[in-house]
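> coords below, sequence missing:
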């Protein structure tokens, strides 16, 4: 049931908005930008993400106008700070594709040529730290991230700092890359993509009773949740595992190298076990409950097609 504070658009109603949105995507764009396991084609990408980029550009422009008016009223001359978009959702739902397509489209608008994309994977604790604290089986859960470092990174970007660094993550080694950092140079827009970016503040046992914690979503100007049914997500995750077996798992130094030569039945059973003991509990306990906090929800059907777009009323 659609919430009364959200506007609902069917796939066809939303895609009709594309005719009023410039900067169409090409086949080359989609081939280059879609993530592994996401079967999205040009017509679907163009129908969903072109109107979405136009809407986000509208919000960005209005925020700029508000900044100028506020600066004039206060008599200050502060440079406008980056517009920050958070993208949340489950493992295998297609967050990476959403983030990459939006980055490519938003860069084409004259007002926002500098669009940076950062994933929260870089703020996972290194595997050695996770293992030492018994958290390897909780990787991807909120407690497996250095939340303070992540929040500080976004705070610095939002404050207008010219150069802000973030750790880098390698999906082949399944670990943080030592001594390598990604630098963000005062972008017009920062897209932050991750499982738990819409998590509310949670007090820790050591916090005093009146402690107020800041979380990354406090700095978002707009947030997007990519949604799908758990049974579809499980199927997409299993499909992706087979594709990874043929690509990443066979690479030298791959963390999941033991999966590379697994028979199909064994790989399917092991992947289903990972999904049902780690990814599904994380989805149900931590990720899905944050869906209502998003400004925009892209609700996918069994084929990855976005069946409904929900937009929070202003």
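That came in fine, so what should we check first? Not measured: the values here are computed from a predicted model.

> rest of the way, CA atoms for contacts and neighbours
OK.

> where's residue 222 relative to residue 130, distance?
According to Cα to Cα, to the nearest Å, residue 222 and residue 130 sit 31 Å apart.

> also residue 209?
Distance of residue 209 to residue 130, computed by Cα to Cα: 28 Å.

> looking only at neighbour counts, state which of the two leads.
residue 130 (18 against 9; other Cα atoms under 10 Å).

> if I've got this straight, that one is in a helix?
Yes - secondary structure of residue 130 (DSSP: H, G, I helix; E, B strand; the rest coil): part of a helix.

> so it touches residue 146, yeah?
No - counting by Cα atoms under 8 Å, residue 130 does not reach residue 146; the two are 10.8 Å apart.

> so what's the residue count around residue 234?
Counted by other Cα under 10 Å, the residues lying close to residue 234 total 20.

> distance of it relative to residue 283?
On the measure of Cα to Cα, residue 234 and residue 283 end up 11 Å apart.

> and if you look at residue 296?
Residue 296 is 18 Å from residue 283, by Cα to Cα.

> okay, now the unreliable bits of the protein?
Scanning the chain for pLDDT under 70 picks out the ranges 1-3, 36-37, 203-204, 248.

> can you pull out the helices in the protein?
In the chain, the helices defined using DSSP state H lie at 11-15, 27-33, 42-74, 95-106, 127-132, 147-159, 230-246, 264-274, 280-282.

> is residue 308 in a bridge, and if so with what?
With DSSP bridges applied, residue 308 shows beta-bridge pairing to residue 10, residue 299.

> run a quick neighbour tally on it.
20.

> can you pull the contacts of it?
Contacts for residue 308 were tallied using Cα atoms under 8 Å, 6 or more residues apart in numbering; they are 8, 9, 10, 11, 298, 299, 300.

> tell me how many other residues crowd residue 210.
7.

> looking at the helices of the chain, which is buried most?
Mean neighbours per residue, mean count of other Cα atoms under 10 Å, is largest over those for helix 95-106, with a mean of 22.

> start and end of stretch 180-200, how far apart?
Stretch 180-200: ends 29 Å apart by Cα to Cα.

> and the nearest residue in space to residue 20 that is not next to it in sequence, how far from residue 9?
In space, residue 20 comes closest to residue 51 once its chain neighbours are excluded; the distance is 7.8 Å by Cα to Cα, 6 or more residues apart in numbering. Counting by Cα to Cα, the gap from residue 51 to residue 9 is 12 Å.

> brilliant, that's me finished.
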